[in-house]
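S.K.: based on what follows, work out the 3D shape:
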Amino acid sequence: MVAHGQAHQPRPRTPPYTQPGPGSPASPSGTVRCTAVSADLWPEPTVAPVRLAGCAIEATVPRVGGPSGNRALRVLGASGGGSRWSDLRSAGVGRRELAAAVGAGLVSRVGTGGYVLPGAPTAVVAAIRHSSAVGCISALDHRGLNLLTSPTRPHLVPARARSDRRVVWHARARCDDLAVSVPVALAQMGVCRPRVETLVALDAAVRAGRVDPDEVLAASRSRDRGDLLWALSHLDTRAESVLESALRAHLVAAGVQRIALQVELDGIGRVDMLIDGWLVVEADGFEDHATRAGYRADRRRGVAGVVGGWVTLRFGYEDITLRSAAVTTAVLATLARHRRGVFRTAPST
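M.R.: Numbering: from 1, shown residues only. Predicted coordinates:
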């Protein structure tokens with residue numbers, strides 16, 4: 001259910017960088033304060049929104065260049081936070097304009113001919129520094145896909161041989177942008193990441209309409225495609241959050257079968273999973289279950305489940321992400337008890 005996973009969605013992604021028009025209010029010093037905000041949260045009228053996916057920016061932007069001022073900032077924002085001088089020049093950014101932004105501390109030089117905004121994602125900075133492209137799970141994160149966890153190190157696709165141990169390097173792949181395409185990134189995950197993580201990302205991408213499974217298979221260039229083929233064979237877009245996808249993926253990997261998703265049960269409503277037609281398994285996010293209303297709803301659903309004869313197991317975010325082995329063990333043990341008809345009864349007196 002959507003409510004169960006909303007608390008663990010990645011940080012909100014926002015459209016490209018926007019710059020205030022000539023009529024935007026300015027401070028006495030002739031500057032405009034820009035703050036990163038989400039798409040559904042606008043700042044007070046005196047603050048111009050900076051819209052950059054993955055960045056938390058707090059900057060004072062001088063008005064330069066007339067009505068089209070701060071073109072460098074807009075171009076960098078539209079590029080995901082970083083770009084190379086050749087691309088900036090092609091977009092119409094002049095040297096003086098860029099130098100003014102650098103001098104004001106609004107843009108930083110990176111590597112040879114690279115420029116990034118303050119707070120740009122680590123993978124973007126690394127890609128610009130190494131003249132490479134963002135790849136694998138970092139590319140999916142860059143493109144705003146819902147992921148269960150964010151990468152701890154940037155994943156890059158080099159233009160030529162590189163040897164930075166702070167980076168996870170991937171085989172060269174065609175890339176016409178700062179990051180590889182979604183199909184290529186998913187194909188790279190199939191070689192690089194655990195199969196459960198690949199399945200969760202694949203579920204999310206297909207569910208969001210960002211990729212077709214055949215595109216992912218076509219993008220794979222590795223001979224070692226076992227984990228990717230496994231993920232493609234177990235693709236199911238009915239899960240309504242990455243947390244639900246992760247729980248299902250762990251159970252499938254453990255050999256659990258007959259998993260039905262988003263099932264309506266009398267007296268309970270819709271449940272995340274129904275296994276073997278009697279075991280209800282729920283993936284619970286925190287925010288929507290920590291309120292008084294959520295707490296009451298959970299208690300009522302629990303009572304209705306017992307009355308209706310359903311057995312329910314509920315798992316939280318930390319259970320699914322940090323203790324997945326304990327989760328699968330609990331589900332398998334419950335299924336085994338049911339097959340043996342061994343459930344607790346009141347002791348005889």
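
S.K.: which residues does V182 contact?
M.R.: Residues counted as contacts of V182 (C-beta atoms under 8 Å, 6 or more residues apart in numbering) are 139-140, 143, 145, 205, 210-211. In this view, the C-beta of every residue, glycine as well, is placed from N, C-alpha and C.

S.K.: compare those residues and tell me which has the most neighbours.
M.R.: Scoring the contacts of V182 on neighbours with other C-beta atoms under 10 Å, the highest-scoring entry is A139 at 32 neighbours.

S.K.: related to what we said a few turns ago, what's the closest of the contacts of V182 to R193?
M.R.: Among these, L140 lies closest to R193 (C-beta to C-beta), at 10.3 Å.

S.K.: for the helix or strand where that closest one lies, name the packing helices and strands.
M.R.: According to DSSP states H and E, L140 maps onto helix 136-142. Counting contacts by 3 or more C-beta pairs under 8 Å, 6 or more residues apart in numbering; DSSP states H and E, helix 136-142 is packed against helix 122-129, strand 155-157, helix 182-192, helix 195-207.

S.K.: out of the ones you listed, deepest packed?
M.R.: Among these, strand 155-157 has the highest mean neighbour count (mean count of other C-beta atoms under 10 Å), at a mean of 28.

S.K.: what packs against that strand?
M.R.: Packing contacts for strand 155-157, counted by 3+ C-beta pairs under 8 Å, 6+ apart, involve helix 122-129, strand 133-134, helix 136-142, strand 168-169, helix 182-192.

S.K.: check contacts around the residue nearest to V196 when sequence neighbours are not counted.
M.R.: What sits nearest to V196 in space, not counting adjacent residues and going by C-beta to C-beta, 6 or more residues apart in numbering, is A249, at 4.3 Å. A249 makes contact with 195-196, 199-200, 203, 234, according to C-beta under 8 Å, 6+ apart.

S.K.: of all these, which comes closest to L265?
M.R.: Of these, the one sitting nearest to L265 (C-beta to C-beta) turns out to be D203, at 22.9 Å.

S.K.: low pLDDT regions in the stretch 101-250 of the chain?
M.R.: Filtered on pLDDT under 70, the stretch 101-250 of the chain yields no residues whatsoever.

S.K.: tell me how far V102 lies from R89.
M.R.: Going from V102 to R89 by C-beta to C-beta, to the nearest Å gives 15 Å.

S.K.: got it, and A204?
M.R.: Going from A204 to R89 by C-beta to C-beta gives 36 Å.

S.K.: on that earlier part again, tell me the one of the contacts of V182 nearest R258?
M.R.: For these, the minimum distance to R258 (C-beta to C-beta) is 25.7 Å, reached by A205.

S.K.: contact partners for that closest one?
M.R.: By C-beta under 8 Å, 6+ apart, the contact set of A205 is 140, 145, 182, 186, 211.

S.K.: which one is it nearest to, not counting chain neighbours?
M.R.: That would be V211: by C-beta to C-beta, 6+ apart, it lies 4.6 Å from A205.
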